[in-house]
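Asker: Quick one, structure for this:
(4 chains)
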There are 2 protein chains.
Amino acid sequence: MSEARSAPVYGGESLLFLTDEQLRQGIEAMFFAYRGFTADPDRILAEMAYGRAHHRAIHFINRAPGTTVNNLLSILGVTKQSLNRVLRTLIADGLVESRVGTVDKRERHLFLTDAGRALETKLSDAQRARMRAAYKDAGPEAVAGFKQVLEAMMDTSMRRAYRNLKDGPT
Amino acid sequence: MSEARSAPVYGGESLLFLTDEQLRQGIEAMFFAYRGFTADPDRILAEMAYGRAHHRAIHFINRAPGTTVNNLLSILGVTKQSLNRVLRTLIADGLVESRVGTVDKRERHLFLTDAGRALETKLSDAQRARMRAAYKDAGPEAVAGFKQVLEAMMDTSMRRAYRNLKDGPT
DNA sequence: CTTGGAATGTCAACAAGACTGACATAAACT
DNA sequence: AGTTTATGTCAGTCTTGTTGACATTCCAAG
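Answerer: Numbering: from 1, shown residues only, chains lettered A, B, ... in the order given. Next up is the predicted model:
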């Protein structure tokens, strides 16, 4: 389990970056950074009785307009009942529109209204501002490494979802 | 707000990595990766009627044995009522010990019991295993960039807490 | 064509864990 | 002596996750 706990072995390159100490630093960095990552949108959402779940739904509906509830479900990784509650309030508040599918009437296709898009922009502007500052601070090479490690950390199914969003479905 | 949305300006180096598209990828990467990051401990915790909140408390008590409630509070960023509920169950279950301070008797110093340490090891072994795989996959330079960006993403107060844990309080 | 199962989505009820507010106690500081 | 600090507790609310039950629609096997 903890082969890296003992003295690291030197081969072609140093394995010092795999020590438990280095791993623990990464774990704590993820914890603290995620707090910062969500802080700005959270502040905006709190003013309007919404939560992080609403933000996530809005984000991914904006990314893939017309997506179905089921599709969104697999991306967000929550139960359909949980998502449904969030969607219900967003629809009631006129931020999201739900259209019955034309080919399969069981499906609902989701779209942001103008108001929904406005909120999305407000939230993602705040989140991007922090991200941009962090990117700028760290530089392009660090950013490349950042994404590489994050991608390696994902579950396989999530990595697929991530790449689909990134490159578009093949 | 979105100066990077228009065509990037080339100076000494490319600013392509600051486009909104690149930022959005980073945002989504954080989202999906954090899910993976917590997935393994979450599975273990679910078996024993504990949650992520218990994990966080156990982690930081292990990192800084003898820490006070107030100290833990500022690291975790939750209210004392919320933390107290978690600590109460951990103490009742014999995973955490709370000792009245010797110099300042108002303070409670928190320690893991043997059972607490055992659970901590189990949880962090699971989390480290995934982290190690990701590190190995991405390589040492990517890991350096990963940490750099995460650190830049933190709130100032959290960055201080993170560095204190990393290097020890100066 | 009908019927039964699968897929999709909705409603209701409950639990965890966050929050605020109010209050109690003990110890330390001024 | 009076104020501040550290901690704990009770009560109530909110978000967001869960499971269970159910309605609608589609599709395919009989």
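
Asker: quick one: A:Ser124 from DNA strand D, how far?
Answerer: For A:Ser124, the distance to DNA strand D equals 16 Å [C-beta to the nearest atom of the strand, to the nearest Å]. Every residue, glycine included, has its C-beta placed from N, CA and C.

Asker: ditto for A:Arg99
Answerer: For A:Arg99, the distance to DNA strand D equals 13 Å [C-beta to the nearest atom of the strand].

Asker: Check A:Leu23 too.
Answerer: 27 Å.

Asker: wait, isn't that residue in contact with B:Ala133?
Answerer: No: contact status for A:Leu23 versus B:Ala133: not in contact, 10.3 Å apart, counting by C-beta atoms under 8 Å.

Asker: If you count surrounding residues, which of those two has more?
Answerer: Neighbours of A:Leu23 and B:Ala133, each counted by other C-beta atoms under 10 Å in any protein chain shown, are more numerous for A:Leu23; the result is 23 against 12.

Asker: Please identify which helix or strand holds that one.
Answerer: Under DSSP states H and E, the secondary-structure element containing A:Leu23 is helix A:20-47.

Asker: which element follows that helix toward the C-terminus?
Answerer: helix A:52-63.

Asker: Nearest the geometric middle of chain A, what residue?
Answerer: The residue lying closest to the centre of chain A (C-alpha atoms, centre = their mean) is A:Arg56, at 7.2 Å.

Asker: Going along the chain, name the strands of chain A.
Answerer: Listed in chain order, the strands of chain A (DSSP state E) span residues A:67-68, A:96-100, A:108-112.

Asker: Mind putting those strands into CSV with distance to B:Val86?
Answerer: Conversion of the strands of chain A to CSV gives the following (distance: least, C-beta to C-beta, whole Å):
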stretch, distance to B:Val86
strand A:67-68, 37
strand A:96-100, 35
strand A:108-112, 36
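
Asker: touching DNA strand C at all, the helix holding A:Leu23?
Answerer: No: residues of helix A:20-47 contacting DNA strand C under C-beta under 7 Å from any atom of the strand: none, with a closest distance of 9.1 Å.

Asker: now that helix against helix A:52-63, angle please.
Answerer: Relative orientation of helix A:20-47 with respect to helix A:52-63: 90 degrees, computed using axes from the mean of the first three to the mean of the last three C-alpha atoms, to 10 degrees.

Asker: What are the buried residues along helix A:20-47?
Answerer: Applying a neighbour-count criterion of 16 or more other C-beta atoms under 10 Å in any protein chain shown, one finds A:20, A:22-42, A:44-45 buried in helix A:20-47.

Asker: cool, stretch A:76-85 as well?
Answerer: Of the residues in stretch A:76-85, A:Leu76, A:Gly77, A:Val78, A:Leu83 count as buried by neighbour count, 16+ other C-beta under 10 Å.

Asker: how about the closest residue to chain B within chain A, what does it touch?
Answerer: Of all residues in chain A, A:Gly145 sits closest to chain B, with a separation of 2.5 Å (C-beta to the nearest C-beta). Taking C-beta atoms under 8 Å, 6 or more residues apart in numbering or on different chains as the criterion, A:Gly145 is in contact with B:Ala138, B:Glu141, B:Ala142, B:Val143, B:Ala144, B:Gly145, B:Phe146, B:Gln148, B:Val149.

Asker: The fourth one contacts A:Leu150, correct?
Answerer: Pointing back at B:Val143 there. No: applying C-beta under 8 Å, one finds B:Val143 not in contact with A:Leu150, separated by 11.2 Å.

Asker: Compare the two and say which is more crowded by neighbours.
Answerer: When neighbours are counted by other C-beta under 10 Å, A:Leu150 comes out ahead of the other of B:Val143 and A:Leu150, with 29 against 24.

Asker: Confirm for me that the more buried one is in contact with B:Phe146.
Answerer: Yes: in this structure, A:Leu150 is within contact of B:Phe146 by C-beta under 8 Å, at 7.2 Å.

Asker: In contact with the residue nearest to A:Asp42 when sequence neighbours are not counted, which residues?
Answerer: Closest residue to A:Asp42 apart from its sequence neighbours, by C-beta to C-beta, 6 or more residues apart in numbering or on different chains: A:Arg52 at 6.5 Å. Listed by C-beta under 8 Å, 6+ apart, the contact partners of A:Arg52 are A:Thr38, A:Pro41, A:Asp42, A:Leu45.

Asker: Mind listing the residues bridging to A:Leu112?
Answerer: The residues listed as beta-bridge partners of A:Leu112 by DSSP bridges are A:Val96.

Asker: any idea how far the nearest residue to A:Arg130 once chain neighbours are set aside lies from B:Ile27?
Answerer: Distances taken as C-beta to C-beta, 6+ apart place A:Asp40 nearest to A:Arg130, at 5.8 Å, with adjacent residues excluded. Using C-beta to C-beta, to the nearest Å, A:Asp40 is found at 11 Å from B:Ile27.

Asker: Pull up the overlap in contacts between the two.
Answerer: A:Gln127.
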